[in-house]
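Chemist: Got a sequence here, can you model it:
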Amino acid sequence: MSKPTVDAPVPEAVADTDDQPGRDAGLGTFGRLLSLWVALAIVAGVALGQFAPSVPEVLSRFEYAQVSLPVAVLIWAMIFPMMVQIDFGAIVGAGREPRGLLVTTGINWLVKPFTMFAIAYVFLLVIFAPLIPEELGRQYLAGAILLGAAPCTAMVFVWSYLTRGDAGYTLVQVAVNDLIMLVAFAPIVLLLLGVSDIAVPWDTVALSVVLYIVIPLAAGWFTRITLIRRRGIVWFTGVFMRRLAPVTPTGLIITLVLLFAFQGEVILANPLHIGLIAVPLIIQTVLIFWLAYRAMQLLKVRHAIAAPGAMIGASNFFELAVAAAIALFGLQSPAALATVVGVLVEVPLMLALVRYANRTRHRFPADTAAVAALTR
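Modeler: Take a look at the predicted model:
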(Lines give C-alpha, C1' and ligand atoms only; values in the text may rest on other atoms or scores of the structure.)
Protein backbone atom coordinates (compact mmCIF):
# COMPACT_ATOMS: atom_id res chain seq x y z
CA MET A 1 0.00 0.00 0.00
CA SER A 2 1.38 3.39 -0.96
CA LYS A 3 1.85 5.99 1.72
CA PRO A 4 -1.29 8.14 2.03
CA THR A 5 -1.11 11.86 1.43
CA VAL A 6 -3.37 14.70 2.51
CA ASP A 7 -4.71 14.90 -1.05
CA ALA A 8 -5.63 11.21 -1.03
CA PRO A 9 -7.68 10.49 2.10
CA VAL A 10 -7.47 7.02 3.51
CA PRO A 11 -10.77 5.09 3.26
CA GLU A 12 -11.98 4.15 6.72
CA ALA A 13 -12.44 0.55 5.74
CA VAL A 14 -8.69 0.33 5.42
CA ALA A 15 -8.63 0.82 9.18
CA ASP A 16 -9.24 -2.88 9.50
CA THR A 17 -5.71 -3.71 8.39
CA ASP A 18 -3.07 -4.81 10.86
CA ASP A 19 -0.87 -1.77 10.39
CA GLN A 20 -3.51 0.72 11.50
CA PRO A 21 -1.68 3.20 13.72
CA GLY A 22 -4.65 4.50 15.66
CA ARG A 23 -5.68 1.45 17.64
CA ASP A 24 -3.25 -1.31 18.45
CA ALA A 25 0.04 0.55 18.30
CA GLY A 26 -1.08 3.10 20.86
CA LEU A 27 -2.03 0.43 23.38
CA GLY A 28 1.41 -1.14 23.51
CA THR A 29 2.22 -3.18 26.60
CA PHE A 30 -0.78 -1.77 28.42
CA GLY A 31 -3.15 -3.18 25.82
CA ARG A 32 -1.41 -6.54 25.61
CA LEU A 33 -1.70 -6.96 29.40
CA LEU A 34 -5.25 -5.68 29.59
CA SER A 35 -6.54 -8.85 31.25
CA LEU A 36 -4.04 -8.36 34.07
CA TRP A 37 -5.11 -4.75 34.56
CA VAL A 38 -8.75 -5.86 34.62
CA ALA A 39 -8.01 -8.38 37.37
CA LEU A 40 -6.11 -5.76 39.36
CA ALA A 41 -8.96 -3.28 38.86
CA ILE A 42 -11.46 -5.76 40.30
CA VAL A 43 -9.27 -6.33 43.35
CA ALA A 44 -8.69 -2.59 43.75
CA GLY A 45 -12.40 -1.86 43.46
CA VAL A 46 -13.38 -4.37 46.13
CA ALA A 47 -10.58 -3.09 48.39
CA LEU A 48 -11.68 0.51 47.86
CA GLY A 49 -15.21 -0.36 48.89
CA GLN A 50 -13.94 -2.12 52.01
CA PHE A 51 -11.26 0.26 53.23
CA ALA A 52 -12.56 3.57 51.91
CA PRO A 53 -16.34 3.13 51.84
CA SER A 54 -16.89 6.88 51.84
CA VAL A 55 -15.64 7.07 48.24
CA PRO A 56 -18.38 4.90 46.66
CA GLU A 57 -20.92 6.39 49.08
CA VAL A 58 -20.20 9.91 47.86
CA LEU A 59 -20.09 8.89 44.20
CA SER A 60 -23.37 6.95 44.49
CA ARG A 61 -25.14 10.23 45.28
CA PHE A 62 -24.48 11.41 41.73
CA GLU A 63 -27.24 9.34 40.19
CA TYR A 64 -30.29 9.97 38.06
CA ALA A 65 -32.94 7.40 37.10
CA GLN A 66 -30.70 4.82 38.82
CA VAL A 67 -27.89 5.54 36.34
CA SER A 68 -24.55 6.37 37.94
CA LEU A 69 -23.36 9.61 36.37
CA PRO A 70 -19.64 9.03 37.23
CA VAL A 71 -19.83 5.62 35.54
CA ALA A 72 -21.63 7.21 32.60
CA VAL A 73 -18.78 9.71 32.15
CA LEU A 74 -16.22 6.91 32.20
CA ILE A 75 -18.18 4.85 29.68
CA TRP A 76 -18.33 8.00 27.54
CA ALA A 77 -14.53 8.14 27.70
CA MET A 78 -14.33 4.48 26.70
CA ILE A 79 -16.49 4.76 23.61
CA PHE A 80 -15.50 8.27 22.40
CA PRO A 81 -12.41 6.92 20.53
CA MET A 82 -14.78 4.61 18.61
CA MET A 83 -17.32 7.36 17.88
CA VAL A 84 -14.70 9.83 16.65
CA GLN A 85 -13.71 7.41 13.87
CA ILE A 86 -17.20 7.14 12.41
CA ASP A 87 -17.57 8.43 8.87
CA PHE A 88 -21.28 9.20 8.59
CA GLY A 89 -21.09 8.90 4.85
CA ALA A 90 -20.01 5.27 5.30
CA ILE A 91 -22.98 4.47 7.58
CA VAL A 92 -25.25 4.58 4.51
CA GLY A 93 -23.30 1.58 3.24
CA ALA A 94 -24.68 -0.57 6.07
CA GLY A 95 -27.80 -1.07 3.97
CA ARG A 96 -25.65 -2.77 1.35
CA GLU A 97 -24.54 -5.39 3.90
CA PRO A 98 -27.76 -6.44 5.67
CA ARG A 99 -26.67 -9.93 6.68
CA GLY A 100 -24.62 -8.84 9.67
CA LEU A 101 -27.47 -6.74 11.02
CA LEU A 102 -29.99 -9.54 10.51
CA VAL A 103 -27.80 -12.06 12.35
CA THR A 104 -27.19 -9.70 15.26
CA THR A 105 -30.83 -8.75 15.78
CA GLY A 106 -32.06 -12.31 15.26
CA ILE A 107 -29.65 -13.79 17.80
CA ASN A 108 -30.24 -10.99 20.31
CA TRP A 109 -34.02 -11.08 20.36
CA LEU A 110 -35.14 -14.48 19.08
CA VAL A 111 -32.47 -16.65 20.72
CA LYS A 112 -30.50 -15.03 23.54
CA PRO A 113 -33.25 -14.30 26.14
CA PHE A 114 -34.60 -17.82 25.86
CA THR A 115 -31.27 -19.64 25.99
CA MET A 116 -30.37 -17.54 29.04
CA PHE A 117 -33.60 -18.61 30.73
CA ALA A 118 -33.11 -22.28 29.83
CA ILE A 119 -29.44 -22.50 30.82
CA ALA A 120 -29.89 -20.54 34.07
CA TYR A 121 -32.98 -22.58 35.00
CA VAL A 122 -31.20 -25.89 34.51
CA PHE A 123 -28.17 -24.90 36.55
CA LEU A 124 -29.71 -22.77 39.30
CA LEU A 125 -32.88 -24.79 39.92
CA VAL A 126 -31.85 -28.32 38.92
CA ILE A 127 -28.11 -29.03 38.92
CA PHE A 128 -27.31 -26.69 41.82
CA ALA A 129 -30.54 -27.46 43.73
CA PRO A 130 -28.64 -29.17 46.62
CA LEU A 131 -26.57 -26.00 47.10
CA ILE A 132 -29.14 -23.27 46.47
CA PRO A 133 -32.61 -23.15 48.09
CA GLU A 134 -35.36 -23.10 45.46
CA GLU A 135 -36.69 -19.63 46.29
CA LEU A 136 -33.20 -18.18 46.23
CA GLY A 137 -32.49 -19.95 42.96
CA ARG A 138 -35.58 -18.36 41.41
CA GLN A 139 -34.36 -14.94 42.48
CA TYR A 140 -30.99 -15.60 40.86
CA LEU A 141 -32.85 -16.78 37.76
CA ALA A 142 -34.72 -13.45 37.66
CA GLY A 143 -31.40 -11.59 37.60
CA ALA A 144 -30.13 -13.81 34.79
CA ILE A 145 -33.29 -13.13 32.78
CA LEU A 146 -32.75 -9.39 33.13
CA LEU A 147 -29.22 -9.82 31.78
CA GLY A 148 -30.39 -11.99 28.89
CA ALA A 149 -33.06 -9.51 27.81
CA ALA A 150 -30.62 -6.60 27.54
CA PRO A 151 -27.94 -6.96 24.83
CA CYS A 152 -24.91 -4.71 25.15
CA THR A 153 -25.13 -1.13 23.88
CA ALA A 154 -22.16 0.66 25.47
CA MET A 155 -19.28 -1.72 26.17
CA VAL A 156 -19.67 -3.23 22.70
CA PHE A 157 -17.94 -0.14 21.32
CA VAL A 158 -14.90 -1.14 23.37
CA TRP A 159 -15.00 -4.71 22.04
CA SER A 160 -15.49 -3.40 18.50
CA TYR A 161 -12.53 -1.07 18.99
CA LEU A 162 -10.29 -3.90 20.19
CA THR A 163 -11.31 -6.17 17.29
CA ARG A 164 -10.85 -3.37 14.74
CA GLY A 165 -14.54 -3.35 13.91
CA ASP A 166 -16.32 -1.20 11.38
CA ALA A 167 -17.21 1.85 13.52
CA GLY A 168 -20.14 3.00 11.40
CA TYR A 169 -21.69 -0.44 11.11
CA THR A 170 -21.28 -1.06 14.84
CA LEU A 171 -23.19 2.15 15.49
CA VAL A 172 -26.02 0.96 13.22
CA GLN A 173 -26.15 -2.42 14.99
CA VAL A 174 -26.27 -0.77 18.41
CA ALA A 175 -28.87 1.80 17.34
CA VAL A 176 -31.18 -0.90 16.00
CA ASN A 177 -30.81 -2.91 19.21
CA ASP A 178 -31.57 0.20 21.29
CA LEU A 179 -34.81 0.78 19.37
CA ILE A 180 -35.86 -2.85 19.72
CA MET A 181 -34.98 -2.81 23.42
CA LEU A 182 -37.33 0.09 24.08
CA VAL A 183 -40.32 -2.01 23.00
CA ALA A 184 -39.15 -5.62 23.57
CA PHE A 185 -37.38 -5.55 26.94
CA ALA A 186 -40.54 -5.38 29.08
CA PRO A 187 -42.57 -8.05 27.20
CA ILE A 188 -39.68 -10.52 27.20
CA VAL A 189 -39.03 -9.99 30.91
CA LEU A 190 -42.78 -10.29 31.58
CA LEU A 191 -42.94 -13.54 29.64
CA LEU A 192 -39.89 -15.17 31.17
CA LEU A 193 -40.51 -14.09 34.74
CA GLY A 194 -44.15 -15.03 34.51
CA VAL A 195 -45.13 -11.87 36.37
CA SER A 196 -48.04 -9.67 35.29
CA ASP A 197 -47.03 -6.41 36.98
CA ILE A 198 -43.43 -5.36 36.30
CA ALA A 199 -42.48 -1.70 36.37
CA VAL A 200 -39.77 -1.38 33.72
CA PRO A 201 -37.55 1.68 34.32
CA TRP A 202 -38.18 3.40 30.98
CA ASP A 203 -36.39 6.54 32.16
CA THR A 204 -33.30 4.41 32.79
CA VAL A 205 -33.43 3.01 29.26
CA ALA A 206 -33.94 6.44 27.68
CA LEU A 207 -31.24 8.13 29.78
CA SER A 208 -28.78 5.33 29.03
CA VAL A 209 -29.34 5.78 25.28
CA VAL A 210 -28.67 9.51 25.61
CA LEU A 211 -25.59 9.08 27.82
CA TYR A 212 -23.98 6.13 26.08
CA ILE A 213 -24.92 6.83 22.45
CA VAL A 214 -26.17 10.34 21.70
CA ILE A 215 -23.66 12.44 23.69
CA PRO A 216 -20.45 10.61 22.69
CA LEU A 217 -21.69 10.29 19.10
CA ALA A 218 -22.29 14.04 18.82
CA ALA A 219 -18.95 14.82 20.46
CA GLY A 220 -17.14 12.36 18.21
CA TRP A 221 -18.74 13.77 15.05
CA PHE A 222 -17.88 17.36 15.98
CA THR A 223 -14.30 16.45 16.93
CA ARG A 224 -13.75 14.45 13.75
CA ILE A 225 -14.96 17.04 11.25
CA THR A 226 -13.20 19.89 13.08
CA LEU A 227 -9.81 18.17 13.23
CA ILE A 228 -9.90 16.83 9.68
CA ARG A 229 -10.81 20.24 8.31
CA ARG A 230 -8.00 21.91 10.25
CA ARG A 231 -5.22 19.30 10.16
CA GLY A 232 -6.12 16.75 7.46
CA ILE A 233 -6.97 13.04 7.47
CA VAL A 234 -3.33 11.89 7.71
CA TRP A 235 -2.70 13.86 10.94
CA PHE A 236 -6.06 12.76 12.32
CA THR A 237 -5.35 9.06 11.69
CA GLY A 238 -1.63 8.93 12.38
CA VAL A 239 -1.28 11.42 15.24
CA PHE A 240 -4.57 12.18 16.96
CA MET A 241 -5.91 8.60 16.97
CA ARG A 242 -2.56 7.28 18.16
CA ARG A 243 -2.66 9.66 21.13
CA LEU A 244 -6.31 8.80 21.83
CA ALA A 245 -5.81 5.03 21.75
CA PRO A 246 -5.00 4.52 25.49
CA VAL A 247 -8.16 6.35 26.57
CA THR A 248 -10.43 3.35 25.95
CA PRO A 249 -8.60 0.77 28.12
CA THR A 250 -7.89 3.39 30.79
CA GLY A 251 -11.58 4.27 31.01
CA LEU A 252 -12.41 0.58 31.21
CA ILE A 253 -10.06 0.04 34.16
CA ILE A 254 -11.36 3.02 36.15
CA THR A 255 -14.97 2.00 35.42
CA LEU A 256 -14.32 -1.47 36.82
CA VAL A 257 -12.73 -0.04 39.95
CA LEU A 258 -15.85 2.02 40.62
CA LEU A 259 -18.33 -0.75 39.79
CA PHE A 260 -16.67 -3.19 42.14
CA ALA A 261 -16.25 -0.54 44.82
CA PHE A 262 -20.03 -0.13 44.72
CA GLN A 263 -20.73 -3.89 44.85
CA GLY A 264 -17.72 -5.29 46.74
CA GLU A 265 -19.58 -5.90 50.01
CA VAL A 266 -22.24 -8.00 48.29
CA ILE A 267 -19.64 -10.03 46.44
CA LEU A 268 -17.58 -10.80 49.56
CA ALA A 269 -20.69 -11.87 51.47
CA ASN A 270 -21.66 -14.53 48.88
CA PRO A 271 -18.50 -16.22 47.58
CA LEU A 272 -19.98 -19.69 46.89
CA HIS A 273 -23.11 -18.42 45.22
CA ILE A 274 -21.04 -16.02 43.12
CA GLY A 275 -19.28 -19.01 41.59
CA LEU A 276 -22.50 -20.95 41.06
CA ILE A 277 -24.27 -18.03 39.37
CA ALA A 278 -21.24 -17.45 37.15
CA VAL A 279 -21.44 -20.94 35.58
CA PRO A 280 -24.62 -20.47 33.50
CA LEU A 281 -23.67 -16.88 32.65
CA ILE A 282 -20.32 -18.02 31.23
CA ILE A 283 -21.91 -20.84 29.23
CA GLN A 284 -24.54 -18.47 27.86
CA THR A 285 -21.96 -15.86 26.82
CA VAL A 286 -19.78 -18.35 24.96
CA LEU A 287 -22.79 -20.03 23.31
CA ILE A 288 -24.31 -16.78 21.99
CA PHE A 289 -20.95 -15.54 20.73
CA TRP A 290 -20.33 -18.82 18.92
CA LEU A 291 -23.80 -18.89 17.33
CA ALA A 292 -23.54 -15.33 16.01
CA TYR A 293 -19.88 -15.56 15.01
CA ARG A 294 -20.36 -18.88 13.22
CA ALA A 295 -23.49 -17.65 11.43
CA MET A 296 -21.57 -14.59 10.23
CA GLN A 297 -18.75 -16.81 9.00
CA LEU A 298 -21.13 -19.09 7.08
CA LEU A 299 -22.80 -16.07 5.51
CA LYS A 300 -19.37 -14.67 4.54
CA VAL A 301 -19.83 -11.44 6.49
CA ARG A 302 -16.74 -9.23 6.88
CA HIS A 303 -14.83 -9.70 10.13
CA ALA A 304 -15.13 -5.97 10.91
CA ILE A 305 -18.90 -6.55 11.07
CA ALA A 306 -18.95 -10.12 12.37
CA ALA A 307 -16.80 -9.63 15.47
CA PRO A 308 -18.67 -6.61 16.93
CA GLY A 309 -22.01 -8.19 15.95
CA ALA A 310 -21.21 -11.35 17.88
CA MET A 311 -19.98 -9.25 20.82
CA ILE A 312 -23.28 -7.35 21.04
CA GLY A 313 -25.22 -10.53 21.75
CA ALA A 314 -22.59 -12.19 23.89
CA SER A 315 -22.20 -9.24 26.27
CA ASN A 316 -24.97 -7.64 28.29
CA PHE A 317 -26.28 -4.15 28.97
CA PHE A 318 -25.37 -4.66 32.62
CA GLU A 319 -26.10 -1.03 33.55
CA LEU A 320 -29.75 -1.55 32.63
CA ALA A 321 -29.90 -5.05 34.10
CA VAL A 322 -28.52 -3.90 37.46
CA ALA A 323 -30.82 -0.87 37.54
CA ALA A 324 -33.87 -2.96 36.62
CA ALA A 325 -33.03 -5.60 39.26
CA ILE A 326 -32.72 -2.91 41.93
CA ALA A 327 -35.97 -1.26 40.82
CA LEU A 328 -37.92 -4.54 40.72
CA PHE A 329 -36.44 -6.51 43.60
CA GLY A 330 -34.36 -4.13 45.74
CA LEU A 331 -30.70 -3.20 46.19
CA GLN A 332 -29.83 -6.17 48.44
CA SER A 333 -31.93 -8.70 46.52
CA PRO A 334 -30.53 -11.97 45.15
CA ALA A 335 -31.67 -10.84 41.68
CA ALA A 336 -29.49 -7.73 41.95
CA LEU A 337 -26.59 -9.91 43.06
CA ALA A 338 -26.98 -12.08 39.95
CA THR A 339 -26.72 -9.02 37.71
CA VAL A 340 -23.58 -7.93 39.55
CA VAL A 341 -22.07 -11.36 38.88
CA GLY A 342 -22.78 -10.62 35.22
CA VAL A 343 -20.45 -7.63 35.49
CA LEU A 344 -17.88 -9.72 37.34
CA VAL A 345 -17.58 -12.42 34.67
CA GLU A 346 -18.29 -10.39 31.56
CA VAL A 347 -15.17 -8.26 31.14
CA PRO A 348 -12.51 -10.99 31.51
CA LEU A 349 -14.59 -13.36 29.38
CA MET A 350 -15.20 -10.78 26.66
CA LEU A 351 -11.49 -9.96 26.55
CA ALA A 352 -10.83 -13.66 25.93
CA LEU A 353 -13.41 -13.64 23.12
CA VAL A 354 -11.77 -10.50 21.68
CA ARG A 355 -8.46 -12.37 21.50
CA TYR A 356 -10.18 -15.35 19.86
CA ALA A 357 -11.88 -13.10 17.31
CA ASN A 358 -8.59 -11.42 16.45
CA ARG A 359 -6.84 -14.77 16.02
CA THR A 360 -9.57 -16.05 13.67
CA ARG A 361 -9.76 -12.96 11.47
CA HIS A 362 -8.30 -14.92 8.55
CA ARG A 363 -11.41 -17.14 8.40
CA PHE A 364 -13.52 -14.23 7.15
CA PRO A 365 -13.58 -12.43 3.80
CA ALA A 366 -11.21 -9.49 3.39
CA ASP A 367 -12.60 -5.97 3.42
CA THR A 368 -11.68 -5.33 -0.19
CA ALA A 369 -15.33 -4.87 -1.18
CA ALA A 370 -15.85 -2.21 1.45
CA VAL A 371 -12.70 -0.38 0.38
CA ALA A 372 -13.84 -0.44 -3.25
CA ALA A 373 -17.28 0.91 -2.31
CA LEU A 374 -15.78 3.80 -0.37
CA THR A 375 -13.28 4.74 -3.06
CA ARG A 376 -15.76 4.95 -5.94
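Chemist: same for the host helix or strand of Glu57, what does it pack against?
Modeler: For Glu57, the element it lies in under DSSP states H and E is helix 54-59. Packed against helix 54-59 by the contact rule (3 or more Cβ pairs under 8 Å, 6 or more residues apart in numbering; DSSP states H and E) you find helix 34-51, helix 247-269. All C-beta spots, glycine's among them, are computed from the backbone N, C-alpha and C.
Chemist: Give me the buried positions along the shortest one.
Modeler: Right, the one you point to is helix 34-51. Of all the residues in helix 34-51, those buried under the rule 16 or more other Cβ atoms under 10 Å are 34, 37-38, 41-42, 44-46, 48-49.
Chemist: quick one on the thing from earlier: now do the helix holding Glu57: everything it contacts.
Modeler: 48-49, 68, 70, 258, 261-262 (Cβ atoms under 8 Å, 6 or more residues apart in numbering).
Chemist: would you turn those residues into TSV with distance to Phe236 and pLDDT?
Modeler: As requested, the contacts of helix 54-59 are exported to TSV (distance: Cβ to Cβ, whole Å; pLDDT from 0 to 100):
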residue	distance to Phe236	pLDDT
Leu48	37	90
Gly49	40	86
Ser68	32	71
Pro70	30	81
Leu258	31	82
Ala261	36	83
Phe262	37	77
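Chemist: now, which of these sits nearest Pro187?
Modeler: Nearest to Pro187 out of the contacts of helix 54-59 is Ser68 (Cβ to Cβ; 26.9 Å).
Chemist: what's the burial count for that closest one?
Modeler: Using other Cβ atoms under 10 Å, the number of residues around Ser68 comes to 24.
Chemist: do the same with Ala306
Modeler: So Ala306, with other Cβ under 10 Å, has 31 neighbours.
Chemist: ok, and the closest non-adjacent residue to it?
Modeler: Met296 (3.5 Å; Cβ to Cβ, 6 or more residues apart in numbering).
Chemist: Look up how far Ile312 lies from that neighbour.
Modeler: With distances taken as Cβ to Cβ, to the nearest Å, Met296 is found 12 Å from Ile312.
Chemist: Looking at those two, which one has more neighbours?
Modeler: Legend: neighbour count by other Cβ under 10 Å for Met296 and Ile312, higher for Ile312 (30 against 23).
Chemist: Could you double-check that the more buried one sits in contact with Pro151?
Modeler: Yes - using Cβ atoms under 8 Å, Ile312 is in contact with Pro151, at 5.4 Å.
Chemist: any idea how far Phe222 is from Phe114?
Modeler: 41 Å.
Chemist: secondary structure class for Gln85?
Modeler: Using DSSP: H, G, I helix; E, B strand; the rest coil, the structure places Gln85 in coil.
Chemist: So it sits against Arg224, correct?
Modeler: Yes - under the criterion of Cβ under 8 Å, Gln85 makes contact with Arg224 at 7.4 Å.
Chemist: The two - which one has more neighbours?
Modeler: Gln85 (22 against 19).
Chemist: Ile215 versus the more buried one, what's the distance?
Modeler: 17 Å.
Chemist: ok so, going back, quick one: buried residues of the helix holding Glu57?
Modeler: For helix 54-59, the neighbour count (16+ other Cβ under 10 Å) marks 56, 59 as buried.
Chemist: Repeat that for stretch 284-297.
Modeler: 284-285, 287-289, 291-293, 295-297.
Chemist: cool, stretch 250-269 as well?
Modeler: For stretch 250-269, by 16+ other Cβ under 10 Å, it's 251-264, 266-267.
Chemist: ok, back up a step: tell me which of the helices and strands packed on helix 54-59 lies nearest to Ile188.
Modeler: Across these, closest to Ile188 is helix 247-269 (Cβ to Cβ), at 24.8 Å.
Chemist: if we can go back for a sec, so for Phe222 and Phe114, which residue has more residues nearby?
Modeler: Higher neighbour count among Phe222 and Phe114: Phe114, with 16 against 11, using other Cβ under 10 Å.
Chemist: So the more buried one belongs to a helix, correct?
Modeler: Yes - under three-state DSSP, Phe114 sits within a helix.
Chemist: Now do the same for it: its pLDDT.
Modeler: At Phe114, the pLDDT value in this model is 94.
Chemist: Also Ala269?
Modeler: Ala269 carries a pLDDT value of 77.
Chemist: same thing with Ile132?
Modeler: pLDDT, Ile132: 90.
Chemist: wait, what's in contact with it?
Modeler: Ile132 makes contacts with 124-125, 140, 273, 276, as judged by Cβ under 8 Å, 6+ apart.
Chemist: Equivalent analysis for Ala184, please.
Modeler: 109, 149.
Chemist: now it: how far from Gly342?
Modeler: Counting by Cβ to Cβ, the gap from Ala184 to Gly342 is 19 Å.
Chemist: show me where pLDDT drops low in the stretch 151-300 of the chain?
Modeler: Scanning the stretch 151-300 of the chain for pLDDT under 70 picks out the ranges 154, 195-206, 208-209, 212-213.
Chemist: again, 50 this time
Modeler: Counting by pLDDT under 50, the stretch 151-300 of the chain contains low-confidence residues at 196-198.
Chemist: Please enumerate the helices of it.
Modeler: Residue ranges of the helices in the stretch 151-300 of the chain, as given by DSSP state H, counting those that start in this stretch, are 156-162, 167-193, 202-209, 215-231, 233-235, 241-244, 247-269, 271-298.
Chemist: Dump the ones you listed to a markdown table, plus distance to Ala118.
Modeler: Supplementary listing: those in a markdown table, determined by distance: least, Cβ to Cβ, whole Å:
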| stretch | distance to Ala118 |
| --- | --- |
| helix 156-162 | 24 |
| helix 167-193 | 10 |
| helix 202-209 | 25 |
| helix 215-231 | 35 |
| helix 233-235 | 49 |
| helix 241-244 | 42 |
| helix 247-269 | 26 |
| helix 271-298 | 9 |
